[in-house]
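1. I would like to see how this sequence folds:
(one chain, ligands or ions: 1)
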Amino acid sequence: METWDAIRARRNVRAYEDRPIPPEDLDRILEAARRSPSSTNQQAWDFVVVTERERLRDLTRVWNWASHVGTSAATVALVMPTSDDAEARETYQYDLGQATMSIMLEAADLGIGSCHASVGDQALARELLGLPGDRECPLLVSLGYPAEGPLAPIARPNRRPFDDVVHRERW
Ligand SMILES: Cc1cc2nc3c(=O)[nH]c(=O)nc-3n(C[C@H](O)[C@H](O)[C@H](O)COP(=O)(O)O)c2cc1C
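-> Numbers count the residues shown, from 1 in each chain. I've put the predicted structure just below:
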């Protein structure tokens, strides 16, 4: 898919076909994450990819709105260092946000749908993912082929109007 088409076709997909993602496509999505920019190129991130059905089902318990993880073909857990320093946390989270979007756009490029899931129960996420004590997982990204049909550019996205959000030169 062309970049502009992938940007317009990406949407949050919460129902997936029961079909695995080819390993080379999954690796390409993870490579997109690895290539994302980060503050001072610190790359303070790790990505745990989960494809085992039982672990995916267990992961739905980390948050009330994570049921799509259970039926996904794969889910990527975005992991960052724990820190009490507000500035450091902000930077880690911003960097993970960039990686999230790279994952989602590369997935769309391959015709694969994706959806975020926040993580409420850190202790459970840590246990299920086997994370070290100095790491936490603020977000999961589920992946899979959309059950409701292929991704296609959305003509009228559910977004604030262009002229409402874009300010030229000054607010
Ligand atoms: C930080 C963040 C956390 C989110 N958490 C969840 C979540 O826990 N569960 C969920 O189903 N969607 C979650 N979403 C998806 C948003 O609801 C979605 O981006 C928004 O509704 C726009 O969807 P669209 O791109 O399909 O239009 C999250 C999105 C972001 C950016």
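2. Quick check, central residue of the chain?
-> Nearest to the geometric centre of the chain sits Val141, at 3.2 Å (CA atoms, centre = their mean).
3. What ranges does this protein have for its strands?
-> For the chain, the strands defined by DSSP state E occupy 46-50, 74-81, 113-118, 135-144.
4. Residues of this structure that sit close to the ligand?
-> Selection of the chain residues close to the ligand by CB under 6 Å from any ligand atom yields Arg11, Asn12, Arg14, Trp63, Trp65, Ala66, Cys115, His116, Ala117, Ser118, Asn158. In short, each C-beta sits where N, CA and C put it, glycine included.
5. 8 Å instead, please
-> 10-14, 63-66, 68, 97, 100, 115-118, 139, 157-159 (CB under 8 Å from any ligand atom).
6. Now intersect these with the helices, please.
-> His68, Gly97, Thr100 (DSSP state H).
7. which of the residues you listed are buried?
-> His68, Thr100 (16 or more other CB atoms under 10 Å).
8. bridging residues for the residue nearest to the centre of the chain?
-> Val76, His116 (DSSP bridges).
9. Verify the contact between it and Val69 for me.
-> No - assessed by CB atoms under 8 Å, Val141 is found out of contact with Val69, at 9.1 Å.
10. Quick check: closest non-adjacent residue to Pro37.
-> Spatial nearest neighbour of Pro37, excluding adjacent residues (CB to CB, 6 or more residues apart in numbering): Gln98 at 5.9 Å.
11. how about a markdown table for the strands of the chain, with mean pLDDT and distance to Arg19 added?
-> Converted to a markdown table, these look like this (pLDDT from 0 to 100; distance: least, CB to CB, whole Å):
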| stretch | mean pLDDT | distance to Arg19 |
| --- | --- | --- |
| strand 46-50 | 98 | 16 |
| strand 74-81 | 98 | 11 |
| strand 113-118 | 98 | 11 |
| strand 135-144 | 98 | 7 |
